[in-house]
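**Q** below: sequence and its predicted model.
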Amino acid sequence: MLVVSNMKEDRAQTTIHVRVTGKPAMWLAEMKAEGFVSTNTDAVIQGLIMLYKQYRQIETRNDAP
């Protein structure tokens, strides 16, 4: 497990510069058109939330006796 010391959740910050192409770009355009996400930043944050939830489930299963 990654432990970040001296970093409060409300102050944690990172900058991501990435070009999205192909199917993921099409998915993003579709989700924005349907109002599922409002901005690219919103989409990245929601994607990270989903990925983190899956990660925690897998980690929990691996820690089980």
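**A** Happy to help now that I have it.
**Q** hey, let's count contacts and neighbours off CA atoms from now on
**A** Will do.
**Q** from residue 41, how far out is the residue nearest the centre of the chain?
**A** Among the residues of the chain, the one closest to the centroid is residue 48, at 1.0 Å (C-alpha atoms, centre = their mean). Between residue 48 and residue 41 the computed distance is 11 Å (C-alpha to C-alpha, to the nearest Å).
**Q** okay, now the unreliable bits of this protein?
**A** Residues of the chain that meet the criterion pLDDT under 70 lie in 1-8.
**Q** buried stuff in the biggest helix by length in it?
**A** Among the elements of the chain assigned as helix by DSSP state H, the one spanning the most residues is helix 40-63. Across helix 40-63, burial judged by 16 or more other C-alpha atoms under 10 Å covers residue 43.
**Q** number of nearby residues for residue 28?
**A** 19 (other C-alpha atoms under 10 Å).
**Q** need the contact list for it.
**A** 40, 43 (C-alpha atoms under 8 Å, 6 or more residues apart in numbering).
**Q** what strand or helix carries it?
**A** In this structure, residue 28 sits in helix 22-33 according to DSSP states H and E.
**Q** now that helix, how far from the centre of its chain.
**A** 15 Å (C-alpha atoms, centre = their mean, to the nearest Å).
**Q** before we move on, what about stretch 17-30?
**A** For stretch 17-30, the distance to the chain centre is 14 Å (C-alpha atoms, centre = their mean).
**Q** flag every buried residue along it.
**A** So stretch 17-30, judged by 16+ other C-alpha under 10 Å, has buried residues residue 28.
**Q** quick check: residue 31 touching residue 42?
**A** No - checked against C-alpha atoms under 8 Å, the pair residue 31 and residue 42 is beyond contact range at 10.8 Å.
**Q** next, show the common contact partners of these two.
**A** By C-alpha under 8 Å, 6+ apart, no residue touches both residue 31 and residue 42.
**Q** many thanks, I have nothing further to ask.
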